[in-house]
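Visitor: no FASTA, just this:
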């Protein structure tokens with residue numbers, strides 16, 4: 001009886017703490033996001049309209065996304081697309097984080113979580129393609145029905161025991177999926193395995209390739225510790241380091257590049273495409289996965305010959321507040337399919353921007369505390385890694401410090417991307433300076449070691465190259 005009573009007390013404590021964290025860290029449990037029926041919605045390069053084709057009414061200007069209302073225009077397609085993006089949030093009951101006794105990132109890890117979400121979108125483009133959506137996206141329950149406590153997660157795991165689930169140990173070779181039936185079934189099965197493997201890379205354990213523990217350990221080399229606030233530029237460099245040092249063969253064909261002082265040096269990016277990292281296994285014996293969304297799936301050796309690059313560009317879109325002149329620029333960026341989003345948010349409150357409608361940004365919020373999920377099991381629940389509810393924020397509330405991300409599959413792809421972005425970056429009559437620039441050649445071709453003049457050294461966010469400390473959190477003020 002005492003044990004039973006103790007278990008009930010622990011369960012109540014877990015639920016109470018989870019609810020308290022969700023209230024404390026800004027998640028409105030019963031909020032719904034209103035969308036206009038008369039304006040298009042852009043989500044990472046995809047355009048959606050909530051107004052039905054035969055609906056000429058302009059009197060009802062708002063549409064609330066809810067589980068019951070799917071019929072307005074292609075709102076259902078938008079909800080499925082949004083819910084298919086990987087959602088990384090605060091977690092509790094974690095193994096202790098490196099060089100600390102902390103077992104949760106509540107209250108301080110939101111920018112790392114936002115960076116994980118942007119990186120996950122890049123990996124979705126790499127392995128699954130932009131057209132991919134999760135088959136179970138429309139079955140997600142509203143977040144206000146029950147928080148993801150330990151007991152809820154255990155019940156879900158128990159309910160899934162009878163369903164066959166692919167193993168997430170390493171990346172699945174194509175021949176295993178083809179043996180299961182038709183080409184369509186094989187493709188669906190392969191993508192499901194990729195999805196599960198991809199999510200497992202972001203698990204909250206020391207062994208997860210791109211998990212919180214790994215990112216915190218990378219941050220230690222940059223002067224950051226668990227519990228510190230991480231800015232978007234620092235996170236960009238942490239993500240680059242994590243991708244480059246990942247040991248899973250499936251990640252050997254992708255690397256990351258971080259711009260220098262808002263400048264992307266094209267030759268450096270092209271070199272990154274041509275010099276993929278060497279995985280722990282040899283190319284001949286590797287089971288590194290092909291790209292399942294391609295018309296002609298590439299072999300492991302093909303992927304090794306030409307690596308993809310995640311391009312991360314820390315920028316500052318104004319002084320103390322975001323300059324309204326950059327709003328149209330942000331919209332143009334989020335309208336591109338190879339854009340993997342923007343990490344930023346409000347001051348000291350990070351989020352992951354994935355789209356917009358009119359003058360409001362659509363974002364995924366990491367400020368929702370969930371319990372630890374053991375991703376080392378073959379049937380771990382995926383539901384807590386997908387968000388059913390989009391949120392909106394006026395552009396005017398966006399913090400000017402942010403990092404923009406792009407995915408480039410090949411050197412040829414980069415040439416197209418740089419040309420298209422150069423047109424987007426052309427300053428308008430209002431904009432005096434582009435948010436970032438492209439330069440031909442390598443960064444070493446330019447005299448970046450020359451110190452700034454005494455006058456410029458007084459400007460905020462200008463990096464002084466003579467400093468020996470890490471300066472990855474600094475920006476050029478636009």
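Guide: All right, it came through fine. Please read all numbers here as calculations on a predicted model, not as lab measurements.
Visitor: can we go C-alpha only for contacts and neighbour counts from here?
Guide: Noted.
Visitor: Helices of the chain, start to end?
Guide: In the chain, the segments counted as helices under DSSP state H are 2-24, 75-84, 110-127, 150-159, 174-178, 183-200, 212-220, 232-245, 266-274, 300-305, 327-334, 411-424, 454-457.
Visitor: now for the third one, which elements pack on it?
Guide: Judged by 3 or more Cα pairs under 8 Å, 6 or more residues apart in numbering; DSSP states H and E, the packing partners of helix 110-127 are helix 183-200, helix 212-220, helix 232-245, strand 339-346, strand 349-357, strand 401-408.
Visitor: so what does the first one touch, helix or strand wise?
Guide: Think helix 183-200. helix 110-127, helix 174-178.
Visitor: what does the fourth one give?
Guide: Using 3+ Cα pairs under 8 Å, 6+ apart as the contact criterion, the neighbours of strand 339-346 among helices and strands are helix 110-127, strand 349-357, strand 401-408.
Visitor: List the buried residues for it?
Guide: 339, 340, 341, 342, 343, 344, 345 (16 or more other Cα atoms under 10 Å).
Visitor: same thing with the first one?
Guide: The neighbour-count check on helix 183-200 (16+ other Cα under 10 Å) flags 186-187, 189-200 as buried.
Visitor: Can you add distance to residue 308 and mean pLDDT and give the helices and strands packed on helix 110-127 back as a markdown table?
Guide: Putting the helices and strands packed on helix 110-127 into a markdown table (distance: least, Cα to Cα, whole Å; pLDDT from 0 to 100) gives the following:
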| stretch | distance to residue 308 | mean pLDDT |
| --- | --- | --- |
| helix 183-200 | 16 | 91 |
| helix 212-220 | 21 | 97 |
| helix 232-245 | 12 | 97 |
| strand 339-346 | 14 | 95 |
| strand 349-357 | 21 | 96 |
| strand 401-408 | 6 | 97 |
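Visitor: got the ones you listed as CSV, with distance to residue 75 columns?
Guide: Converted to CSV, the helices and strands packed on helix 110-127 look like this (distance: least, Cα to Cα, whole Å):
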stretch, distance to residue 75
helix 183-200, 24
helix 212-220, 33
helix 232-245, 31
strand 339-346, 21
strand 349-357, 13
strand 401-408, 26
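Visitor: Of those, which is nearest residue 271?
Guide: Nearest to residue 271 among those is strand 401-408 (12.6 Å), distances taken as Cα to Cα.
Visitor: what's next to that closest one, contact-wise?
Guide: Identification of contacts with strand 401-408 by Cα atoms under 8 Å, 6 or more residues apart in numbering yields 118, 122, 125, 232-233, 236, 308-317, 338-345, 414, 417.
Visitor: Tabulate the helices and strands packed on strand 339-346 in a markdown table, adding columns for distance to residue 388 and mean neighbour count.
Guide: What follows is the helices and strands packed on strand 339-346, written out as a markdown table (distance: least, Cα to Cα, whole Å; neighbours: other Cα atoms under 10 Å):
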| stretch | distance to residue 388 | mean neighbour count |
| --- | --- | --- |
| helix 110-127 | 15 | 26 |
| strand 349-357 | 14 | 25 |
| strand 401-408 | 23 | 25 |
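Visitor: Please produce a markdown table containing the ones you listed, extended by distance to residue 215.
Guide: Formatted as a markdown table, the helices and strands packed on strand 339-346 follow (distance: least, Cα to Cα, whole Å):
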| stretch | distance to residue 215 |
| --- | --- |
| helix 110-127 | 8 |
| strand 349-357 | 16 |
| strand 401-408 | 17 |
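Visitor: of all the ones you listed, which lies closest to residue 210?
Guide: helix 110-127 (7.6 Å).
Visitor: mind listing what residue 89 touches?
Guide: Per Cα under 8 Å, 6+ apart, neighbours of residue 89: 110, 113, 365, 366, 367, 368, 369, 370.
Visitor: do that again at 10 Å, thanks
Guide: Applying Cα atoms under 10 Å, 6 or more residues apart in numbering, we find residue 89 in contact with 105-106, 109-114, 116-117, 351, 364-371, 384-387.
Visitor: got it, and residue 267?
Guide: Per Cα under 10 Å, 6+ apart, neighbours of residue 267: 273, 411, 439, 440, 441, 442, 443.
Visitor: For residue 261, see how far away the last one is.
Guide: Translated: residue 443. Counting by Cα to Cα, to the nearest Å, the gap from residue 443 to residue 261 is 11 Å.
Visitor: One more: the fourth one?
Guide: Separation of residue 440 from residue 261 (Cα to Cα) stands at 15 Å.
Visitor: ok, these two, which is more surrounded?
Guide: Higher neighbour count among residue 440 and residue 261: residue 261, with 20 against 11, using other Cα atoms under 10 Å.
Visitor: Please tell me how far the more buried one sits from residue 313.
Guide: The separation that residue 261 has from residue 313, given Cα to Cα, amounts to 9 Å.
Visitor: again, but for residue 189
Guide: 35 Å.
Visitor: mind putting the buried residues of helix 183-200 in JSON lines, distance to residue 247 included?
Guide: Converted to JSON lines, these look like this (distance: Cα to Cα, whole Å):
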{"residue": "186", "distance to residue 247": "27"}
{"residue": "187", "distance to residue 247": "26"}
{"residue": "189", "distance to residue 247": "24"}
{"residue": "190", "distance to residue 247": "21"}
{"residue": "191", "distance to residue 247": "21"}
{"residue": "192", "distance to residue 247": "22"}
{"residue": "193", "distance to residue 247": "19"}
{"residue": "194", "distance to residue 247": "17"}
{"residue": "195", "distance to residue 247": "18"}
{"residue": "196", "distance to residue 247": "18"}
{"residue": "197", "distance to residue 247": "14"}
{"residue": "198", "distance to residue 247": "14"}
{"residue": "199", "distance to residue 247": "16"}
{"residue": "200", "distance to residue 247": "14"}
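Visitor: That concludes my questions; thank you for your assistance.
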